[in-house]
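Participant: sequence first, then the predicted structure:
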Amino acid sequence: MEEDQDQDAVGGQKTINHTFLSFSQITALSEQNVEGFQKKLAEFLNFKQLKTSLKEAILLDYYTAGFCWAKEMNFNLMQLSQYMDLLNFLLENLSDKHMTLEDNIKELGRAMAGIGETDSERSGDLDVFSIDQAKAIIDYMNISLFRLYKLYEHIFHTPREEHVISNEYMVELAPPAVTPFPAPSEEGTSSDMYASLSASPIAADMEPKADLNEKQQIQEA
């Protein structure tokens, strides 16, 4: 069985599904800076909960980091397209197929088989890359996805409870003002303290004496 798989890999069996992003989408993404890339990729992948979904945020970061690295390597558009297919292929092996790290490394080797071969029957999925570029891709996967494999497994395979956090506050509203005093501050003096102060002798002495003054004026006239 293993010999058959090795022969398939050497014989250039196609293992990667090249439908992750269209060539026109890759072209549009290559023209963006990092911020623009993330915005467009989130649109292409229909990510609508980036602010609340840890999974979507990590996926976007994974593809963004990989794409930026590929641009630094000066990959052409065809190479960028196949490289992004590879990133998605390896991540789906982990997330959908629950593939172990060892098996996923083997899948990467199978995808890389045939690179540098002139015989079209022996060329594999990633025949647009040179041998040096293939080595660089393997090195990058070792320091990115494969190094953080346990973390990605935890994100995709460990159920997480949703905690709804809320706070309830009792707010005491002041009654309408019915005395000469202004209404109490709703964030300061309580209504009970305000009522006790407004009913005190001091408050009574401070009430206006307009009627008494008017009577004195009439008498003097």
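Facilitator: Great, that's in hand. This is a predicted model, so every value here is computed, not measured.

Participant: how near is residue 29 to residue 91?
Facilitator: Between residue 29 and residue 91 the computed distance is 17 Å (CB to CB, to the nearest Å). In short, each C-beta sits where N, CA and C put it, glycine included.

Participant: looking at those two, which is more packed in?
Facilitator: residue 29 (23 against 19; other CB atoms under 10 Å).

Participant: that one against residue 64, yeah?
Facilitator: No - at 9.8 Å, residue 29 does not count as touching residue 64 under the criterion of CB atoms under 8 Å.

Participant: residue ranges with poor pLDDT in this protein?
Facilitator: Scanning the chain for pLDDT under 70 picks out 1-15, 118-125, 160-166, 172-191, 193-221.

Participant: related to what we said a few turns ago, spell out which residues are contacts of both of residue 29 and residue 64.
Facilitator: 37, 41 (CB atoms under 8 Å, 6 or more residues apart in numbering).

Participant: what's near enough to touch residue 101?
Facilitator: Contacts for residue 101 (CB under 8 Å, 6+ apart) come out as 146, 149.

Participant: what does it show for phi and psi?
Facilitator: Main-chain dihedrals, residue 101, degrees, to the nearest 10: phi -60, psi -40.

Participant: do you know how far it is from residue 75?
Facilitator: 25 Å.

Participant: residues near residue 145, how many?
Facilitator: Look at residue 145: counted by other CB under 10 Å, it has 22 neighbours.

Participant: so where does the closest residue to it other than its chain neighbours fall, helix or strand?
Facilitator: Once flanking residues are discounted, residue 145 sits nearest to residue 90: 5.9 Å by CB to CB, 6 or more residues apart in numbering. Assigned by DSSP states H and E, residue 90 belongs to helix 77-95.
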